[in-house]
Structure formats: C-alpha cells, structure tokens
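K.L.:
I would like to see how this sequence folds:
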Amino acid sequence: MGWSNQTSRSCVLLLPVLCISLLDSLSPEPPRPPTAHPIFDGEPFIVSWNIPNLTCNRYNITLNTSPFLGVSNPAKVPGQFLSLFYIDRLGLYPYVDEATKRQFNGGVPQRGNLRASLVKAVDDIEYYIPSRTSPGLAVIDWEDWRPLWERNWGSKRIYRSLSVTYARKRDPSLPTRKAMAQAKQRFQSAAKSYMLETLSLGARLRPGYLWGFYLFPNCYNYGWMEPGYTGECPREVRRQNNRLLWLWEASTALYPSVYLQASLADSPKAALMVRNRVHEALRVAALPQRRSYTAPVYVYTRPVFVDQPKRLLSLGDLVHTIGEGAAIGASGAVLWGSSGDYDDKASCEALSAYLDDTINPYVVNVTAAARVCGDFLCKGKGRCVRRNYTSHEYLHLSPGSFSIHRSELGEFTVVGAPSLEDLMAFARGFTCQCYAGQNCDAHIPTPVPTKTTTTTTTTTTTTPSPSLSHITTPISPSSTSPEPLSQIPTAIPMWTTGSLPTQPPTEVLSSFSTTPDYI
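P.N.:
Residues are numbered from 1 along each chain as shown. Predicted coordinates for the structure are as follows:
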C-alpha cells in the first residue's frame, strides 16, 4: 500500500523514535569486514546465466534470459562475460583419466611441467578473454585432484598412490612411512604451485575478471538424510580450509557449489546445506589480511537436480539456493547447465516455460529486493546481509508495496516503493556489509519514499541510478517503445520474513506455475 503525502509527513515525525527504538532492540553484532564493489554498479546481487543453448536454437525455441546479468554459455567461445576454464582450456593440467587410468601431463602435479603449463596458459587466457579491461568472471574448473592430500579419497586416491610410487622410484631405499611423507609433501607443494601460479597469472593478465576455482571452498556438509542434520561444515573441514589461506589470498572471487540432489527437493534441509556452504565461503573470504576487503562470492547452482537432470527445481528450491545466497551476502549466483540437460525438444520447451513462469519472476524479485534493501538501508554503499545467518529472513519484495510486470516481449519491470513497514522489516532481519572505502551503517531513511508507478522500459543495469527510479526501472534493456505490460504476482508472501515453510504455500506455487556435489 502506498503512502499519501500526509501519511509520509507523519512518518517522518515518528521515524527518529522508531529508528532509535528499533536499533536499540537489535542485538549487537561483530563488525563485518568491507567487501568488493559489485561487478555491475548498483547491483548488490546478480544472477548470471551459463547454460548451453545450441540444441534449443536448433529447434527455434526461445529462452528468455533478460533478467540475467552476464549471459554466457560453457562452450569454447571467446569474449564471454563468464569464462569457464575446463582442464583442456587452461595450461597443461596434470591428471589421470578416471576410466582408462591414462596419465596426462605427468599425471600428478609433481611430475608436471609447470613452466610449460604457464606458457600455454598465457595463450589460452588471451584467446578466451581477448579484452584486457572488460569485467567478468573467470572460473577455473580443475576437479580431478584436490590440493590437500587427505581430501583425495575415493576415486581420487589414485593421486596418493601414484605420488608414493613416484617417491619410491626417485629413492628406492625409502621406507614406506618416509615415502608416504615425502609423497604428501611433494604433492601438496606442486599442487599449490599449479593452482597459485595459474590463478595469479590470470589475475595479472586480465585484472578486470574475478578469478577463482570452482568448488572452492567446499564444506562437505553431506548427511542430510541423517536425523538432526544442521548443515554445519565439520570442524575438521574448516581447519583444512584455513590451511588453504594461500588460495583465498590469491583468489579475487570464490565459487562454491550448492547443486541440489533430488532428496533435498522442497526440503528445509536444502536451506541448511546451502546457507552453511555460502557462510563458509564468506568466512574464508575474510581470512586474508593482505587486502582491505573480502573477495566476492558467486554461488554455483543449477535449475535441475544433479541426480535427476530432467527435473526442474520448484520455486521453494530456488528460494533455498538463490534466495539463501542473496540473503547471506553472496555477490551473485551462476546458473549453470550441461548440454545433456537440454538435449531434445521436450527439455528445451520445458526450460523455456520454466524461465517464463518460475525462474525469471523469482530472479527479478530477489535481485530487485537486494537493490531496494541496499539502496535504502545501506545508502547504496553496501549490501544487505542477514543479521543472523541461521535465520529465515529473505530478500524478497513485499507484495503490498511492489508489483512485477512483464511486457509482451518478455521484459520485466518492477513498480513500487518500500513502505515504512518494509524498511523496518529489512532492518530487523538484515544489516549492511559496506563496499570497500564506504560508510554504510544500516539506517532507515527520511523521508520514507512514496509509491510510484513508473514503467519506463529503456534503461541499462550497469550503472547506478537515483534510488527510486533505480528500483522502478526494468531489469534488462529493451526497445524504446514499451509493449503492453501484464502484471505478475510479486508474491512470496510467507517468505519475506518469518519462518521458512517446510512446503511452499500452494498460492505461491500457482502464482509461479512449474513442474551432493559429487565428490
């Protein structure tokens, strides 16, 4: 509901008392370290698209990705906003083929040629990221081995056995215990060198891109089928992550994964799993002391279940993944998909409908809410983060104050302004993490903004705008002539604040109709 001028004036008179009362009632919090500025000005939280579209194009099926910032695909295409470096796209990565056991580039890091790898990596980086100044995300996807010896279990144990064999080959007189100790030391040292020097090379050659390794940090918080699951990262895992300080110091972004398995569908345990993974990423991002701000965190997620890749996530699942990331303080989410997920006409049609009916309205909602909260509570100088990361507060637009409209061209416009109740709800559930060099102490502004019905459809989202018009402009660029707009339910009414439902409410599902990371 909008505020009249008379109501607004009354609110201004009462606001200082309300603010003092509200802020006094909130529990004190430890100071949050400043964080990097958003990659897109004025966008505290973005969702990036990284799903192949070749098959869908072949069937002339349109995928409306207008709400996403940074649309790319995982194919070998240079000059994309998100450059994904698989093992064959960056340097000479030493690994063992899991199926054939064939060794490539030495098999284990200590047998690889790091110098030759870096020489090739220069060419690879210059090819895939031709611009020296453009901003973007650079994700290195090296998953065959892990830099900590003890984390190479299961099928990755081969890297430990090959390392011991190599140590004994170099010195046949070594006793078993000494051979294992030497193998561990040399493996970890070489693994660190490969990762650290490749990462540093990328950041030096293309400083506008945010460099990091996919799956780092990991939390290993599996076991959600067990009773009493909390989602917390095991203490030993946190200690191991502390030992990777060299990696967090060199990374200019972190890319943890929160892919869901079908056993977590519409389950509150999914939220527990995701929030703890994101929280661990934010924790290790704050460990380096060499810089004055924390690296941004971009959460990798998928629109399907990892073990049922033809089954799309529900709205509740999106809240548990994208919504959790936004509320806890991530800078964005990357929606990734493989070519096998959408390899026929039926799956492309399902994805197209899912975009229109479910994920696009939610992406519009959560990214706009992050802007609203950041603009008004943090003065546009920081992002809103949960006061208590274990709470169930989410960055969602209030359906009483905002409406989302979709044009015939599929473009979205958010119309409205936050009420005093909205701002107070944000202040109760969220505080501010300031951008580097900014002062953004959480406060409720005066005067409270009055509601607007602006439906301008020509803008971009790469530069900041005045607060009110910034909220009410569309999420993506469009033509100069607006098409007729149809209103979409804004609503995730039960999830703006308060308890997380174990089952999404039926009115929400009807409004948006739809159908462990592997170690």
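K.L.:
partner residues bridging Thr301?
P.N.:
For Thr301, the beta-bridge partners under DSSP bridges are Leu335.
K.L.:
Next one: it relative to Lys379, how far apart?
P.N.:
30 Å (Cβ to Cβ, to the nearest Å). Quick note: C-beta positions are derived from backbone N, CA and C, even for glycine.
K.L.:
just Asp141 next, same as before
P.N.:
In terms of Cβ to Cβ, Asp141 sits 37 Å off from Lys379.
K.L.:
would you say Tyr394 is within a strand?
P.N.:
No. Looking at Tyr394 with DSSP: H, G, I helix; E, B strand; the rest coil, it is coil, so not inside a strand.
K.L.:
My guess is it contacts Ile322. True?
P.N.:
No. Look at Tyr394 against Ile322 with Cβ atoms under 8 Å: they stay out of range, at 10.1 Å.
K.L.:
Assign a three-state SS to Thr100, would you?
P.N.:
Thr100 is classified as coil under three-state DSSP.
K.L.:
burial measure for it, as a count.
P.N.:
7 (other Cβ atoms under 10 Å).
K.L.:
residues contacting it?
P.N.:
Contacts for Thr100 (Cβ atoms under 8 Å, 6 or more residues apart in numbering) come out as none.
K.L.:
Please tell me how far it sits from Ala203.
P.N.:
Distance from Thr100 to Ala203, by Cβ to Cβ: 34 Å.
K.L.:
Wait, a helix at Gly212?
P.N.:
No. Gly212: not assigned to a helix; according to three-state DSSP it is strand.
K.L.:
Look up how far Gln289 lies from it.
P.N.:
For Gly212 relative to Gln289 (Cβ to Cβ), the value is 19 Å.
K.L.:
just Arg386 next, same as before
P.N.:
25 Å.
K.L.:
do the same with Val71
P.N.:
Taking Cβ to Cβ, one finds Val71 at 36 Å from Gln289.
K.L.:
neighbour-wise, which of the two wins?
P.N.:
The neighbour count for Val71 versus Gln289, taken as other Cβ under 10 Å, is higher for Val71 (17 against 8).
K.L.:
end to end, how far does stretch 122-142 reach?
P.N.:
Stretch 122-142 has an end-to-end distance of 17 Å (Cα to Cα, to the nearest Å).
K.L.:
again with stretch 48-57
P.N.:
19 Å.
K.L.:
Now do that stretch: everything it contacts.
P.N.:
In contact with stretch 48-57 (Cβ under 8 Å, 6+ apart) are residues 62-63, 65, 68-75, 81-82, 84, 137, 298, 303, 332-339, 341-344, 348, 351-352.
K.L.:
Kindly recompute the last result at 7 Å.
P.N.:
The contact list for stretch 48-57 (Cβ atoms under 7 Å, 6 or more residues apart in numbering) reads 63, 65, 68-75, 81-82, 84, 137, 332, 334-337, 339, 342-343, 348, 351.
K.L.:
Would you map the helices across the stretch 301-450 of the chain?
P.N.:
315-318, 324-328, 345-354, 360-377, 420-429 (DSSP state H, counting those that start in this stretch).
K.L.:
how far does the fourth one sit from the chain's center?
P.N.:
The offset between the C-alpha centroid of helix 360-377 and the centroid of the whole chain comes to 15 Å, using Cα atoms, centre = their mean, to the nearest Å.
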